[in-house]
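>>> got a structure for you, letters missing:
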Ligand SMILES: NC(=O)c1ccc[n+]([C@@H]2O[C@H](COP(=O)([O-])OP(=O)(O)OC[C@H]3O[C@@H](n4cnc5c(N)ncnc54)[C@H](O)[C@@H]3O)[C@@H](O)[C@H]2O)c1
Ligand SMILES: O=P(O)(O)OC[C@H](O)CO
């Protein structure tokens with residue numbers, strides 16, 4: 001039987017998540033233009049079919065995937081654009097693009113971070129900068145570490161869009177042998193929860209680094225869930241069940257998995273590393289570092305009680321002692 005034309009899609013980003021998403025999409029009838037910032041990585045993928053910098057065991061199907069270092073060329077003729085670079089660098093990655101380059105396309109954020117210069121969610125920022133209508137936007141969420149996708153471990157993604165057809169189309173694109181997908185409509189609630197779980201993972205890491213145990217972490221995580229609920233309900237009120245995997249599931253994986261970038265970063269801070277030395281130690285980005293400042297700023301309008309976020313903010317941005325901040329927090333949890 002003749003196969004239908006492949007879906008034309010652009011992947012923006014050269015890190016672990018972009019590599020894992022390329023692997024997932026390559027399972028389906030999708031033709032991918034993959035934009036990477038580093039030309040040496042792009043050349044290596046062309047020649048050897050592996051990303052040398054992230055998840056280098058993943059075999060890239062170069063019949064389906066064309067690498068590219070020019071962003072305009074990468075987005076030309078695509079129906080879908082997936083953004084998978086840390087939020088702080090998305091502006092750089094899209095430099096040279098104008099609203100007309102996004103016209104008629106779906107834009108999907110796989111990013112779990114805030115735009116630091118604007119204190120904005122990525123979908124809000126993209127909509128404003130490039131005139132992408134909300135119904136053409138989606139986010140990829142859920143408890144899913146790139147490292148486990150690389151190993152084809154059974155995983156689940158939640159695809160959120162205000163438009164149910166868009167959510168379903170994107171969910172269909174990302175479903176494969178080892179990934180289940182669910183379309184939903186709570187795009188902003190899910191995006192905020194995904195941002196906030198990174199801050200909580202930093203807190204978990206800090207307490208691990210200081211020597212706190214599982215008993216404390218269980219209380220920290222359950223209090224965190226309430227903190228996320230208070231904030232998300234204040235900023236974007238809507239009926240939602242936060243026990244779903246895109247909310248609670250994502251919090252759990254990031255808080256407990258050794259693959260978590262944010263937890264690892266927090267652990268280094270708890271052990272006494274400076275921010276610069278912790279960043280230098282990791283080849284990866286901990287989104288929570290940027291997000292905690294944005295959420296702290298946004299919360300000035302809402303005044304939600306957020307003791308965990310406040311403690312992490314004070315440690316990372318006000319040079320407060322992790323020991324003293326966690327001592328204070330101890331008395332506020334229940
Ligand atoms: N890794 C995961 O398992 C995973 C899962 C879900 C969502 N995400 C989200 O995906 C996004 C990308 O994260 P990741 O894990 O792929 O990143 P990563 O930490 O694996 O890689 C870092 C990325 O940042 C880029 N980068 C580093 N410094 C840069 C700079 N100065 N300018 C421009 N780009 C720079 C690198 O090229 C690389 O693409 C994040 O928002 C993250 O929260 C990641
Ligand atoms: O768990 P982290 O800190 O690596 O963040 C990556 C993803 O957001 C997990 O869903």
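Great, that's in hand. Everything numeric here is computed off the predicted structure, so don't read it as measured data. Ligands and ions are numbered 1, 2, ... in the order given.

>>> Please tell me how far the closest residue to residue 177 other than its chain neighbours sits from residue 174.
Once flanking residues are discounted, residue 177 sits nearest to residue 27: 6.2 Å by Cβ to Cβ, 6 or more residues apart in numbering. Where C-beta positions appear, they are placed from N, C-alpha and C, glycine not excepted. Taking Cβ to Cβ, to the nearest Å as the measure, residue 27 and residue 174 are separated by 9 Å.

>>> And those two? Which one has more around it.
residue 174 (23 against 16; other Cβ atoms under 10 Å).

>>> how close does that one get to residue 255?
Residue 174 is 24 Å from residue 255, by Cβ to Cβ.

>>> does ligand 2 sit close to the longest helix anywhere in the chain?
Longest helix in the chain by number of residues (criterion: DSSP state H): helix 187-210. Yes - remark: helix 187-210 sits within contact range of ligand 2 at 198, 201, by Cβ under 6 Å from any ligand atom.

>>> and the chain, which residues reach ligand 2?
112, 143, 144, 145, 198, 201, 250, 253, 254, 260, 261, 262.

>>> Contacts only, for the residue in the chain that ligand 1 sits nearest to.
Proximity of the chain to ligand 1 (Cβ to the nearest ligand atom) peaks at residue 15, 2.6 Å away. By Cβ atoms under 8 Å, 6 or more residues apart in numbering, the contact list for residue 15 reads 53, 54, 84, 85, 86, 284, 285.

>>> again, only this time at 10 Å
Going by Cβ atoms under 10 Å, 6 or more residues apart in numbering, residue 15 touches 36-37, 51, 53-55, 84-86, 89, 146, 261, 283-285.

>>> on that earlier part again, would you mind checking the average pLDDT for the longest helix of the chain?
The average pLDDT within helix 187-210 is 98.

>>> one step back: out of the residues of the chain next to ligand 2, who's nearest residue 19?
residue 145 (12.2 Å; Cβ to Cβ).

>>> count of residues packed around the closest residue to the closest one other than its chain neighbours?
Nearest residue to residue 145, sequence neighbours excluded (Cβ to Cβ, 6+ apart): residue 259, at 4.4 Å. The burial count assigned to residue 259 is 14, neighbours taken as other Cβ under 10 Å.

>>> what's the distance between residue 259 and residue 248?
18 Å.
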